[in-house]
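Q: sequence plus the predicted model coming up.
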Amino acid sequence: MEGIIIKGIAGFYYVRTSEGVLECKARGIFRKNNITPMVGDRVTVIATPEGNTLDKIHERSSELMRPFVANISQAYVVFALRNPDINVELLNKFLVYLEMKHIEPVLVFNKSDLATEEEMTNIREDFKGTGYPIYFIEAKSGLGLDDLYAQLRNHITVLCGPSGAGKSTLLNKLSGNETMETGDISVRLNRGKHTTRHSELIEINDALLVDTPGFSTMDFTMEAEELKNYFPEFYEYEGECRFNGCNHNREPGCRVKAEVGKTISEARYNYYVKYYNELVEENKRKW
Ligand SMILES: Nc1nc2c(ncn2[C@@H]2O[C@H](COP(=O)(O)OP(=O)(O)OP(=O)(O)O)[C@@H](O)[C@H]2O)c(=O)[nH]1
Ligand SMILES: [Zn+2]
């Protein structure tokens, strides 16, 4: 039988199948081959004399370490419009990271009660051409959450974003769990640096949601030349620059650059150039 691991505790895995949630053990061969089943894994379960057993782990479309979950297909990137103010650079870095990991980003701007219409219009403008869905919500009151529910469908979704953005508030609303307090110590203790907290998947109709907010910061690097692959608004113009392998920076005849301020947002392009130059410097220092 096929299913998805939604929880793992002490060597037991809980697999959601069409016939309910099955408690399973992993085959010894996994441990021997150093394969650790992950929450999110798509698996085949077989019945053995010892009970239900994980027989096969299907190829993963993505793997995150924090949270330790496989096959996450979508991330709600949660930033508060204010309090704390949006760190645009961090936001863009999240987007690059998610693109690298083959996880689709969804932009969720929270605390719409604290911002003006004009600010929201400007934000839409800043991300034009990316194709990323953008939602403005008020997690605290639940305003605007209907679309976010709908967007969960057929995905395994993780919430990520900086501290104070409202991730826990949103998670509680989406999962229908109102008892967990937010913004105070009771929640923080659960996710403290020194406790190992295993993530589980929460079932919401046709959707699975990771029960703990994901990374709030990240550390990764790449070759500068790779960066352009993670800006979806550039894809359309691939092969249209004068030079093959154009990095859309100082090269003449750059088609991408010609689109800046038109179909490509200036804010995003400026971030691209800044980050590109940083990566060039960083990689020089390595030698
Ligand atoms: N004004 C306003 N405040 C909100 C809204 N949503 C959440 N907050 C508040 O923002 C603060 C931070 O919310 P949390 O849900 O704890 O944020 P978090 O992203 O989980 O933060 P960390 O646990 O630090 O990662 C809390 O005091 C919430 O009550 C909103 O829609 N409007
Ligand atoms: Zn170019």
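A: Perfect, I can see it now. Residues are numbered from 1 along each chain as shown. Ligands and ions are numbered 1, 2, ... in the order given.
Q: ramachandran angles for the closest residue to residue 125 other than its chain neighbours?
A: Computed as CB to CB, 6 or more residues apart in numbering, the closest residue to residue 125 that is not its neighbour in sequence is residue 265, at 6.5 Å. The C-beta positions use only the backbone N, C-alpha and C, and glycine is treated the same way. In terms of degrees, to the nearest 10, the main-chain angles of residue 265 are phi -70, psi 140.
Q: check contacts around residue 265.
A: Taking CB atoms under 8 Å, 6 or more residues apart in numbering, we find residue 265 in contact with 125, 126, 127, 128, 129, 130, 233.
Q: tally of neighbours for residue 243?
A: Residue 243 has 10 neighbouring residues, counting by other CB atoms under 10 Å.
Q: please list the residues of the stretch 1-150 of the chain that sit near ligand 1.
A: Listed as neighbours of ligand 1 in the stretch 1-150 of the chain under the rule CB under 6 Å from any ligand atom: 110, 111, 113, 114, 138, 139, 140.
Q: pLDDT wise, what is the residue nearest to residue 125 at?
A: The confidence metric pLDDT takes the value 97 at residue 265.
Q: begin at 307 from here
A: Sure, I'll start counting at 307 from here, so that last one is residue 571.
Q: and the gap between it and ligand 2?
A: Taken as CB to the ion, to the nearest Å, the spacing of residue 571 relative to ligand 2 amounts to 16 Å.
Q: surely residue 529 touches residue 582?
A: No. With contact defined as CB atoms under 8 Å, residue 529 does not count as touching residue 582 (10.4 Å).
Q: the more surrounded of the two?
A: Each of residue 529 and residue 582 has its neighbours counted (other CB under 10 Å); residue 582 has more, 18 against 9.
Q: what is the host helix or strand of that one packed up against?
A: Under the criterion DSSP states H and E, the helix or strand holding residue 582 is helix 572-591. Using 3 or more CB pairs under 8 Å, 6 or more residues apart in numbering; DSSP states H and E as the contact criterion, the secondary-structure elements in contact with helix 572-591 are helix 394-406.
Q: what's downstream of the helix it packs on, the next helix or strand?
A: The element immediately downstream of helix 394-406 (helix or strand, assigned by DSSP H and E) is strand 410-416.
Q: note down every partner strand of that following strand and its orientation.
A: Looking at strand 410-416 with DSSP bridges, its partner strands are strand 380-386 (parallel), strand 440-442 (parallel).
Q: quick one, helices of the stretch 307-456 of the chain?
A: Per DSSP state H, counting those that start in this stretch, the stretch 307-456 of the chain has helices spanning 334-338, 394-406, 423-432, 451-458. These are given in chain order.
Q: can you list the buried residues in the third one?
A: Spelled out, that is helix 423-432. Neighbour counts over helix 423-432 (16 or more other CB atoms under 10 Å) mark 429, 432 as buried.
Q: can you give the distance of that helix from its chain's centre?
A: Computed by CA atoms, centre = their mean, to the nearest Å, the chain-centroid distance of helix 423-432 equals 22 Å.
Q: checking the nearest residue to residue 551 once chain neighbours are set aside next. Helix, strand or coil?
A: Nearest in space to residue 551, with sequence neighbours left out and distances taken as CB to CB, 6+ apart, is residue 531 at 7.4 Å. Residue 531 falls in the helix class when you classify it by DSSP: H, G, I helix; E, B strand; the rest coil.
Q: got the contact list for the residue nearest the centre of the chain?
A: When the chain is reduced to its mean C-alpha position, the closest residue under CA atoms, centre = their mean turns out to be residue 381, at 3.0 Å. Residues in contact with residue 381, defined by CB under 8 Å, 6+ apart, are 400, 404, 409, 410, 411, 412, 463, 464, 465, 466, 520.
Q: neighbour-wise, which one of these leads?
A: For the contacts of residue 381, neighbours were counted using other CB under 10 Å, and residue 464 has the most, 31 neighbours in all.
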